[in-house]
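Engineer: pasted the sequence and its predicted model underneath.
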Amino acid sequence: MSDNRNMILAVVLSLAILLGWQYFFALPQAEQQREAQQAAQQAASPAAAAQGQAPTPATSGPDAVPQAGQGVTPGVEMTRAQALAASPRVAIETQRLNGSISLKGGRIDDLLLIQYHETVNPTSPNIVLLSPSGAPNPFYAEFGWASSAGATVKLPGPDTLWTAESTTLTDKAPLVLTYDNGEGLIFRRTFTVDDHYMFAVKDEVENTTGAPVTLYPYALVSRHGVPHVEGFFILHEGLIGVVGEEGLQEIGYSKLEAGKPQAFSGVTGGWLGITDKYWAATVIPDQNVKYDARFSTAMQGNKPTYQADFLAGPMTVGAGESATAKSQLFAGAKVVNVVDGYQTTYNIDRFDLLIDWGWFYFITKPLFLLIDWIYRVVGNFGVAILIVTVMLKIVFFPLANKSYASMAKMKAVQPELVAIRERYADDKVKQQQAMMEMYKKEKINPIAGCLPILIQIPVFFALYKVLFVTIEMRHAPFFGWIRDLSAPDPTTIFNLFGLIPWDPSTVPVIGVYLMLGAWPLIMGITMWVQMKLNPAPTDPTQQTIFNWMPVIFTFMLAHFAAGLVIYWAWNNTLSVAQQAFIMKRHGVKIELWDNIKGMFRKKKPAAK
């Protein structure tokens, strides 16, 4: 049964490796290739290019919300600076945001996150979130009014030039834009912004005509072109939203087809927009007003455009009266406490799902909150991870204690197991029956040794998710050469950890496999020591699997976030200490040094 236990453990580990490789590497690469092929087909299709206008939303009354790409001259692309200079602007200046609002169209289309940089170098460029039409990567938010189908009301649009009552929007001073359509309707748009990333937009219309007019407020987020995405199934990047009772919608760029929007009618509450790994721009309707939501794409020339928009219900403005529509725009970094705070403050339905906590939300988010709380005490996320690992060991100690105690008992009865195998060498049924009787007598669970591994796997994936998706971990340093816990260890043994002025990653084909850093090596050594704490399996196949397991994990985890590798190495170290303590307490010999020395002994030839 010891062989069976070892085989079960080997199978579990092997499956974890195979599934992990497929999940994190093979499948994402295949998906990226598929997306690239689909994008190429769309770009080459004249039929797709002809579908530049999206259909009218589910509500049949109003005209369509303006589709992504309107107001852009096809085939004309400028630099970002040229695109910004092409229209008059009002500056946005807060302690976290710099940018501007275009008076042409009244769009928020220029936004830099001044607390975040492209690399760990603090002098590297700031993160550019929003960019105007005509720039290389347009990404913007737009607000406005739509009229009833067939109506001839002159409304502000992408080319409308608004008048500003001030020169700067700050977190202390709002911005008011006005537009008179010359036909009796006066529009006012008031922008306010807080000290983080939430804009409030109030659209007002004053009717000075002699007849009522019916209008529909809308808001949209539009992105032109497919941005760079991480390409991992563990993370969603693309169109996203919580749409009333329809719940969370996560739509990848490749999932939408031109001319075939995903539409939702008559919903209440929620939000929708476009998200990257760490940043997002989402429009948020009044949570008490019914609206139609839509995720759509269209071809603008040979470039796909993506849009998330909502169209609120009709507002009839009588003669001499006015009406007001309110909405919000989140445009910034997906900081957990900020996003959670907005959900609470503004009662935004499930806004915390803007951060991709995944299916194991109930594990992943509490794990992050615990790490973050400890970080605020110790001041280092790496140290916080080490402390959380110790806490998890304490929480699972009773279960681990039973597992290691069972393993210790298994070692104690090894001579009896060998005797049973020899006694019933030709009768496997009696051999198994005798082993089971002995296990029952000694109160041994032969598969208990697998439990520590099984417990560790969900925590491993939860921590990987935390390190991968939370912006708090981005560019978070540890000690020494680890300046970013969310990135792989930058060192490699193949240039003696930087002593040789050569970059092994530049080697064709195998360069990526030569980036084998110090922490992955430490992790591999601790895993090898943990396995050597147990007696070697008698089956040669199992021995081979166990001997190569640390090597395989070392090369695999070399490309994972350094924080995850540090966690794994520290967890292995604690497991070795814990197992050795329990074995000693049960009077079982610790065979670590014997097993290590046995590797260097000359094996005796098998008897003929």
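Structural biologist: Cool, got the structure.

Engineer: which residues in the stretch 51-200 of the chain form strands?
Structural biologist: Using DSSP state E, counting those that start in this stretch, the strands found in the stretch 51-200 of the chain span residues 89-93, 97-102, 107-117, 126-130, 139-147, 163-164, 168-169, 175-180, 185-193, 198-207.

Engineer: out of those strands, flag the one nearest Ala462.
Structural biologist: Proximity to Ala462 (Cβ to Cβ) singles out strand 107-117 among those, at 24.9 Å. C-beta coordinates here come from the backbone N, C-alpha and C atoms, glycine included.

Engineer: what is the orientation angle of the closest one with strand 97-102?
Structural biologist: 170 degrees (axes from the mean of the first three to the mean of the last three Cα atoms, to 10 degrees).

Engineer: show me the contact partners of strand 107-117.
Structural biologist: Here strand 107-117 makes contact (Cβ atoms under 8 Å, 6 or more residues apart in numbering) with 84, 89, 92, 95-102, 123-133, 138-142, 158, 191, 199, 278-279, 329, 331-333, 471, 474-475.

Engineer: ok, and the helix or strand in this structure with the lowest average confidence?
Structural biologist: Least confident element among the helices and strands of the chain, by mean pLDDT, DSSP states H and E: helix 46-50 (a mean of 30).

Engineer: how is the chain divided into domains?
Structural biologist: Residue ranges for the domains of the chain, per automatic domain parsing: 66-347, 366-596.

Engineer: show me what the lengthiest helix in the chain is packed up against.
Structural biologist: Longest helix of the chain, by residue count under DSSP state H: helix 562-585. Packing contacts for helix 562-585, counted by 3 or more Cβ pairs under 8 Å, 6 or more residues apart in numbering; DSSP states H and E, involve helix 381-395, helix 397-412, helix 451-469, helix 518-532, helix 540-557.

Engineer: closest one to Gly313 among the ones you listed?
Structural biologist: Of all the helices and strands packed on helix 562-585, helix 451-469 comes closest under Cβ to Cβ, at 35.1 Å.

Engineer: what's the angle from that closest one to helix 562-585?
Structural biologist: Counting by the same axes, to 10 degrees, helix 451-469 lies at 160 degrees to helix 562-585.

Engineer: any idea of the mean pLDDT for helix 451-469?
Structural biologist: The average pLDDT within helix 451-469 is 78.

Engineer: packing partners for that helix?
Structural biologist: Packed against helix 451-469 by the contact rule (3+ Cβ pairs under 8 Å, 6+ apart) you find helix 2-21, helix 361-378, helix 397-412, helix 562-585.

Engineer: hmm, try it at 6 Å
Structural biologist: With contacts defined as 3 or more Cβ pairs under 6 Å, 6 or more residues apart in numbering; DSSP states H and E, helix 451-469 has these neighbours: helix 361-378, helix 397-412, helix 562-585.

Engineer: can you flag the weakest of those helices by average pLDDT?
Structural biologist: Averaging pLDDT over each of these puts helix 397-412 lowest, since it has a mean of 73.

Engineer: spit out the contact partners of Glu206.
Structural biologist: Going by Cβ atoms under 6 Å, 6 or more residues apart in numbering, Glu206 touches 186, 322.

Engineer: now do it against Ser166, distance only.
Structural biologist: 20 Å (Cβ to Cβ, to the nearest Å).

Engineer: hang on, the earlier thing: figure out which of the helices and strands packed on helix 562-585 is closest to Phe368.
Structural biologist: Phe368 lies closest, by Cβ to Cβ, to one member of the helices and strands packed on helix 562-585: helix 451-469, at 4.6 Å.

Engineer: and that closest one, C-alpha only, in CSV?
Structural biologist: The C-alpha trace of helix 451-469 is given here as CSV (Å, rounded to 0.1, in the frame of the first residue of the first chain):
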residue,chain,number,x,y,z
LEU,A,451,-3.5,15.8,2.0
PRO,A,452,-0.8,18.5,2.5
ILE,A,453,-0.2,18.7,-1.3
LEU,A,454,-4.0,18.8,-2.0
ILE,A,455,-4.4,21.6,0.6
GLN,A,456,-1.5,23.6,-0.9
ILE,A,457,-2.8,23.5,-4.5
PRO,A,458,-5.9,25.8,-4.0
VAL,A,459,-3.9,28.2,-1.8
PHE,A,460,-1.1,28.2,-4.5
PHE,A,461,-3.6,29.2,-7.3
ALA,A,462,-5.3,31.8,-5.1
LEU,A,463,-2.0,33.4,-4.3
TYR,A,464,-1.0,33.3,-8.0
LYS,A,465,-4.3,35.1,-8.8
VAL,A,466,-3.6,37.7,-6.1
LEU,A,467,-0.1,38.3,-7.5
PHE,A,468,-1.3,38.3,-11.1
VAL,A,469,-4.3,40.6,-11.0
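
Engineer: contacting residues around it?
Structural biologist: 235, 356, 358, 360, 363-364, 367-368, 396, 400, 403, 473, 486, 561, 563-564, 567.

Engineer: hang on, Ser222 in a strand?
Structural biologist: Yes. Ser222 forms part of a strand when assessed by DSSP: H, G, I helix; E, B strand; the rest coil.

Engineer: so what sits opposite it in the bridge?
Structural biologist: Tyr140, Gln307 (DSSP bridges).

Engineer: I'd say it and Gln307 touch.
Structural biologist: Yes. The criterion here is Cβ atoms under 6 Å, and Ser222 meets it with Gln307 at 4.7 Å.

Engineer: quick check: chain neighbours aside, which residue is closest to Asp489?
Structural biologist: Gly517 (2.9 Å; Cβ to Cβ, 6 or more residues apart in numbering).

Engineer: typed the wrong thing, it's Phe546
Structural biologist: Nearest residue to Phe546 in three dimensions, chain neighbours excluded: Met531, at 5.6 Å (Cβ to Cβ, 6+ apart).

Engineer: still on that earlier bit, so can I have a markdown table of the helices and strands packed on helix 451-469 showing distance to Ala173?
Structural biologist: A markdown table is the format used below for these (distance: least, Cβ to Cβ, whole Å):
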| stretch | distance to Ala173 |
| --- | --- |
| helix 361-378 | 32 |
| helix 397-412 | 57 |
| helix 562-585 | 41 |
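
Engineer: which of the ones you listed sits most buried?
Structural biologist: The highest mean neighbour count among the helices and strands packed on helix 451-469, using mean count of other Cβ atoms under 10 Å, belongs to helix 562-585: a mean of 20.

Engineer: buried set for the one helix or strand Asp292 maps to?
Structural biologist: Element membership of Asp292 [criterion: DSSP states H and E] is strand 290-300. By neighbour count on 16 or more other Cβ atoms under 10 Å, the buried set for strand 290-300 is 291-300.
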